[in-house]
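Visitor: structure for the following, please:
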Amino acid sequence: MPFIEHVSDADLERLALEQVVPALQDFGFCYLDGVLGEVAGGAVLQQVIDMHRAGVLQDGLLVGSVPGVHRSSIRGDKIAWVSGAERGCEAINFLLNMIDKMISVCASRLESKKIRERSKAMVAAVTLETGQAGYVKHVDNPNSDGRCITCIYYLNKDWSAKEHGGILRIFPEGMSFVADIEPLFDRLLFFWSDRRNPHEVQPSFNTR
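Guide: Just a heads-up that it's a prediction; the model follows:
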């Protein structure tokens, strides 16, 4: 995957058209490495750390309920929903604006040309206090609620999937393979949010 040292609008358009769109069409997912670089990516990480230390992140909630299943057995993360306009989220806002530009270009070439907005961004942290938390196999948008593309930006420096776990495993519909995505720092992942991409996050053994 390409490494992006300096991001311009032309770079974003080129990557969207040459990398993201073809990969979504052929495989249903795509990831890019080195999206923001060490400095800008580090600024996003620091803002998330500051949010966590300030108690902004709260226990993740399930969408709906599963009878007889405890919340901790499905997800053990702490989360906050942000628009990017909040005080102390300037770097996060920069990231979100970049993603918005790429998705806007993608939407003009993909089947879902009706993409007009995004939800707030979910900032999520799995810490050692929450245990070996992950996400069980699920679909982000199983009931056609409007979500089209899921975007995930990873903030985990010096991450070793063999030692720390935390792999996101995608089960692309109609494919004979699974895709294991390591949650590496400054990696941006795109995938269809609907039933084409069931996925799970394997347990983590370090703060993620």
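Visitor: what about V56, distance to D145?
Guide: 26 Å (CB to CB, to the nearest Å). To be clear about C-beta, it is placed using only N, CA and C from the backbone, and glycine gets the same treatment.
Visitor: help me confirm that A85 comes into contact with N93.
Guide: Yes. Counting by CB atoms under 8 Å, A85 touches N93, with 6.7 Å between them.
Visitor: these two: who's more crowded?
Guide: N93 (17 against 11; other CB atoms under 10 Å).
Visitor: quick check on the more buried one: phi, psi?
Guide: Reported as degrees, to the nearest 10, the phi and psi values for N93 are phi -60, psi -40.
Visitor: the one 5 residues further on now?
Guide: The phi and psi values for M98, taken as degrees, to the nearest 10, are phi -60, psi -40.
Visitor: and it, how many residues sit next to it?
Guide: With neighbours defined by other CB under 10 Å, the count for M98 comes to 20.
Visitor: quick one: the residue minimising distance to the centre of the chain from K120, how far?
Guide: Note on the chain: the residue nearest the mean C-alpha position is I152, at 1.3 Å, using CA atoms, centre = their mean. To K120, I152 is 14 Å away according to CB to CB.
Visitor: what about stretch 9-28, start to end distance?
Guide: 24 Å (CA to CA, to the nearest Å).
Visitor: tell me the buried residues in it?
Guide: L12, L15, A16, Q19, V20, V21, A23, L24, F27, G28 (16 or more other CB atoms under 10 Å).
Visitor: I'd say C30 and F190 touch.
Guide: Yes. At 5.0 Å, C30 and F190 qualify as touching, with contact defined as CB under 8 Å.
Visitor: what's the overlap in contacts for the two?
Guide: V20, A23, L24 (CB atoms under 8 Å, 6 or more residues apart in numbering).
Visitor: residues in contact with the first one?
Guide: Contact criterion CB under 8 Å, 6+ apart gives C30, L32, M102, C106, F190 as the residues in contact with V20.
Visitor: same question for S144.
Guide: D194.
Visitor: okay, and the helix or strand of this protein with the least pLDDT?
Guide: strand 58-59 (a mean of 86; mean pLDDT, DSSP states H and E).
Visitor: please name every helix or strand in contact with whichever helix or strand comes after that one.
Guide: With elements assigned by DSSP states H and E, the helix or strand that comes after strand 58-59 is strand 78-82. Secondary-structure packing of strand 78-82 (3 or more CB pairs under 8 Å, 6 or more residues apart in numbering; DSSP states H and E): strand 58-59, strand 121-125.
Visitor: got the buried residues for strand 78-82?
Guide: For strand 78-82, the neighbour count (16+ other CB under 10 Å) marks K78, I79, A80, V82 as buried.
Visitor: which residues does the second one bridge with?
Guide: Beta bridges link I79 to Q58, A124 when assigned by DSSP bridges.
Visitor: thought it was touching A124?
Guide: Yes. Taking CB under 8 Å as the definition, I79 is a contact partner of A124 at 4.6 Å.
Visitor: gap between the nearest residue to G166 once chain neighbours are set aside and P198?
Guide: Distances taken as CB to CB, 6 or more residues apart in numbering put S204 closest to G166, at 3.9 Å, once the chain neighbours are dropped. Separation of S204 from P198 (CB to CB): 20 Å.
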